[in-house]
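Peer 1: Need a 3D model of the following:
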Amino acid sequence: MLFREGEVVPIGSRAFDLLETLVFRRDKVVPRDELMRVVWPDTVVGDNNLNVQVANLRRALGPEAIVTVPGRGLCFALDVLSHGPDLALPDRPSVVVLPFETMGGDPALDWLADGFVEDITTELSRFRDLFVVARNSAFVYRQMPRDLSAVARELGVRYVVEGSVRASVDRVRVTAQLIDAATGGHVWAESFDREMADHFETQARVARSIVTCLSPQIDRAEAKRISVVPPKDLTSYGIAQRAWFAISSGEMAYDPGPRDAAADMAQQALARDARSALAWRVLAWVAWWNVYHGTTDSVPDTLAAGIDAATQAITIDKTDYQARRLRAQLHFMKQDVSAGLPELRQAHRMNPNCAVTLCWLGFYEAINGCAEIGVPLAEAGLRRSPRDPARGSMLCALGFAQFAARNYDATAIAAEAALAEAAQSATPLILGTIAYVGQGRIEKAAGTFQAVERIAPKLVEARLAGRWLSANPDYLARAHTFFRVAAGLAPPQAAEVLG
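Peer 2: Residues are numbered from 1 along each chain as shown. Now for the predicted structure:
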């Protein structure tokens, strides 16, 4: 959290990452290209994104906070006095797997380190007796100086996993260690030097070791069942990993560019290995966002293709809970609640720690009549990924769940927090629009409606036509009517009648 003179300053995750980088390096001028690499890792974005976040920080902290040094970069110019409150530790063993360091080797295999972290996080997340922070929040620390005790406080965990990977075409060398951040002591550490073909069994061994160290009550036979199926083609797997990171970073953007890039890489991966479950999963997620934003010529065809892609991923890898979640979301997009909700619940059972699944399950439970279940689920998802670059999307899920519960004040708070995280996204604006109408702030709602209409005209057209993400009569009636009131197409009294 950011404090100024004892008061909390609301700030989005990208702006926070930028500020944190500048504060850590406040004794020097930080080049703009270096800031771009840190704040938007593995993502191609324009320079204007940095300008937007600098402007956000100057609005929050004053124009003197960040100094531009022409031709050199930016530096932080205020005094740093203190640090905000820490997140409380959960009531069970809690852990984050930080990005592993790449120690030279073949640059074409640098993706292995990120894949290693992703797979270990996933395997740990499957155990209900553990509290596991999402990979997205962990990756925020990829290029930042690490004080493990500070990282643990910021994420609200007791244990930290870190390590390194050196990979060549034939061999891979991995070191991993589990650290108790409260004491700084090493709980477990090991090094592996294996042939590349054995790399994925190494991932499984690391995950098994961590599980048995952290939670002795987990049956050791259950822990031994952890396994990572090696891909047929490592190059295909690397391309699919990059595609997954691309869609993860650019999912909420109305601009289809990030989605198109992810889809292109997924197709490249499938051309090499048609059984790449990860590549099929990427195509399913691309399809969902294209339908959501209306950036497709045929909604039925795109939905069918997305469901087929998710099904292909599940057929290849029956443990792929994310593909199952995406197939559920695509069924919801077709207004098929009877197919979507049981599948989404199954995805959650398969990985009870997945932050994204928790948020979407909370959203769909709430808008389909169980707000008392849905709101806590969405809140639990946000707690598992407190530094997530996609936090804007997760806050929107919470906000729509609050809207389903008729808590319009909480809806507006979530919308404004989401907008701070994703300033150029349409979804927080839509959420804010209906929230403000629910609060009776019609003029503010009208202004927000105009803003989203400029950003995402096709999405606005779909909502005005009555196409929302739920067929629940109560939710649909309120969302649709409130949005029309903000657009000036219905009188404010229409919203008052619905409450």
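
Peer 1: Helices of the stretch 251-400 of the chain, residue ranges please.
Peer 2: Taking DSSP state H, counting those that start in this stretch, the helices of the stretch 251-400 of the chain run over residues 257-272, 277-293, 299-316, 321-333, 337-350, 355-367, 371-384, 391-404.

Peer 1: got a markdown table for the ones you listed, with distance to Leu148 and mean pLDDT too?
Peer 2: Every C-beta, even on glycine, is put in place using the N, C-alpha and C of the backbone. Shown next, in a markdown table, are the helices of the stretch 251-400 of the chain (distance: least, C-beta to C-beta, whole Å; pLDDT from 0 to 100):
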| stretch | distance to Leu148 | mean pLDDT |
| --- | --- | --- |
| helix 257-272 | 32 | 94 |
| helix 277-293 | 30 | 94 |
| helix 299-316 | 35 | 97 |
| helix 321-333 | 28 | 96 |
| helix 337-350 | 30 | 95 |
| helix 355-367 | 21 | 95 |
| helix 371-384 | 19 | 95 |
| helix 391-404 | 22 | 94 |
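
Peer 1: Using a markdown table, please lay out the ones you listed together with distance to Arg92.
Peer 2: Formatted as a markdown table, the helices of the stretch 251-400 of the chain follow (distance: least, C-beta to C-beta, whole Å):
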| stretch | distance to Arg92 |
| --- | --- |
| helix 257-272 | 35 |
| helix 277-293 | 29 |
| helix 299-316 | 29 |
| helix 321-333 | 20 |
| helix 337-350 | 17 |
| helix 355-367 | 16 |
| helix 371-384 | 12 |
| helix 391-404 | 22 |
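
Peer 1: and those helices as JSON lines, adding distance to Ala412 and mean neighbour count?
Peer 2: Below are these laid out as JSON lines (distance: least, C-beta to C-beta, whole Å; neighbours: other C-beta atoms under 10 Å):
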{"stretch": "helix 257-272", "distance to Ala412": "28", "mean neighbour count": "19"}
{"stretch": "helix 277-293", "distance to Ala412": "22", "mean neighbour count": "26"}
{"stretch": "helix 299-316", "distance to Ala412": "30", "mean neighbour count": "19"}
{"stretch": "helix 321-333", "distance to Ala412": "24", "mean neighbour count": "26"}
{"stretch": "helix 337-350", "distance to Ala412": "26", "mean neighbour count": "17"}
{"stretch": "helix 355-367", "distance to Ala412": "16", "mean neighbour count": "27"}
{"stretch": "helix 371-384", "distance to Ala412": "15", "mean neighbour count": "20"}
{"stretch": "helix 391-404", "distance to Ala412": "8", "mean neighbour count": "27"}
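
Peer 1: quick one: which of those is nearest Glu162?
Peer 2: helix 371-384 (19.1 Å; C-beta to C-beta).

Peer 1: What is the closest one packed up against?
Peer 2: Where contact means 3 or more C-beta pairs under 8 Å, 6 or more residues apart in numbering; DSSP states H and E, helix 371-384 is packed against helix 355-367, helix 391-404.

Peer 1: Can you tell me which of those is nearest to Gly12?
Peer 2: So among the helices and strands packed on helix 371-384, helix 391-404 is nearest, using C-beta to C-beta, at 7.5 Å.

Peer 1: Now do whatever helix or strand comes next after that closest one: distance to the chain's middle.
Peer 2: From helix 391-404 onward toward the C-terminus, using DSSP states H and E, the following helix or strand is helix 408-421. Centre-to-centre, helix 408-421 and its host chain are 17 Å apart (C-alpha atoms, centre = their mean, to the nearest Å).

Peer 1: Unless I'm misreading it, Met350 sits right up against Arg126, doesn't it?
Peer 2: Yes. Using C-beta atoms under 8 Å, Met350 is in contact with Arg126, at 6.9 Å.

Peer 1: Nearest to Thr427, out of the helices of the stretch 251-400 of the chain?
Peer 2: Short answer: helix 391-404, nearest of those by C-beta to C-beta, at 4.9 Å.

Peer 1: Torsion angles phi and psi at Gly71?
Peer 2: According to degrees, to the nearest 10, the main-chain angles of Gly71 amount to phi 80, psi -10.

Peer 1: Distance of it relative to Val8?
Peer 2: Per C-beta to C-beta, to the nearest Å, Gly71 is found 35 Å from Val8.

Peer 1: Compare those two (neighbour count), which wins?
Peer 2: Val8 (11 against 7; other C-beta atoms under 10 Å).

Peer 1: and the more buried one, how far is that from Leu303?
Peer 2: Applying C-beta to C-beta, the value for Val8 to Leu303 is 42 Å.
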